[in-house]
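Enquirer: Whatever this is, show me its structure:
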Amino acid sequence: MRAIAFVLTLGFAGTALADGSVPHSLETWDNAARLGLPLWLKAWLGLLAISFLASLFFVRDRPAARAVAIGFAVSHVLVIGIEASEVTRLTTGLVSLTHAIGWTPALFVMLREPGRTEPMTHYGWWSRQMLFVLVAALIFDYRDAGMYLYYQLTGHPAL
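Expert: You can find the predicted model right below:
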């Protein structure tokens, strides 16, 4: 069990924060939290939204664009369902877990598709930019999802 928890957190397992604060992955994710984000993070979230929604221009002909659009929808449906159910508190780590579930398949489809080799097309530009956005976002989402799962498995927060 400890080995699984270690792998899930990528080695970031630790104890509660000394000052009594809540680790990032366990912070509540609600409208107040979103409004309180720094401007640079709001800009990043805007870029994410625009990048994912731009996939709709290419869904008819491109499997990778369909995978991205479906992954975006799946992650949002999961978050909306969790919020509506009120079974558990929505945290940043739980949101990251929904991203990992919805976006990882899209990343694999994008890596297999040769569209990035068409650099002088709108799709080629979007595909390369979307790949960058997915990889950058998922690096942090995997970390936060792992920390959230570590807490769920052990009852101890991960740093």
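Enquirer: Let me see the confidence value for the residue of the chain most remote from its centre.
Expert: For the chain, the largest distance from the centre (Cα atoms, centre = their mean) belongs to residue 120, which lies 28.9 Å off. The model reports residue 120 with a pLDDT of 84.
Enquirer: which SS class is it?
Expert: Recorded secondary structure, residue 120: coil (DSSP: H, G, I helix; E, B strand; the rest coil).
Enquirer: State the distance from it to residue 92.
Expert: Remark: distance between residue 120 and residue 92 (Cβ to Cβ, to the nearest Å) = 39 Å. C-beta here means a position set from N, CA and C on the backbone, and glycine is covered the same way.
Enquirer: Looks like residue 93 contacts residue 145 (just checking).
Expert: Yes - with contact defined as Cβ atoms under 8 Å, residue 93 reaches residue 145; the gap is 6.0 Å.
Enquirer: what residues do these two have in common as contacts?
Expert: Common neighbours of residue 93 and residue 145, using Cβ atoms under 8 Å, 6 or more residues apart in numbering, are residue 25.
Enquirer: tell me the contacts of the residue nearest to residue 99 when sequence neighbours are not counted?
Expert: Sequence neighbours aside, residue 141 is the residue nearest to residue 99 in space, at 4.3 Å (criterion: Cβ to Cβ, 6 or more residues apart in numbering). Residues near residue 141 by Cβ under 8 Å, 6+ apart: 96, 97, 99, 100, 103.
Enquirer: can you tell me which two in the residues you listed are farthest apart?
Expert: The distance between the two most remote of those (Cβ to Cβ) is 10.9 Å, for 97 and 103.
Enquirer: Please confirm that residue 146 is located within a strand.
Expert: No - assignment of residue 146 by three-state DSSP gives helix, placing it outside any strand.
Enquirer: need the contact list for residue 81.
Expert: For residue 81, no residue meets the contact criterion (Cβ under 8 Å, 6+ apart).
Enquirer: Then the one 10 residues further on?
Expert: The neighbourhood of residue 91, defined by Cβ under 8 Å, 6+ apart, consists of 25, 26, 27, 28, 29, 148.
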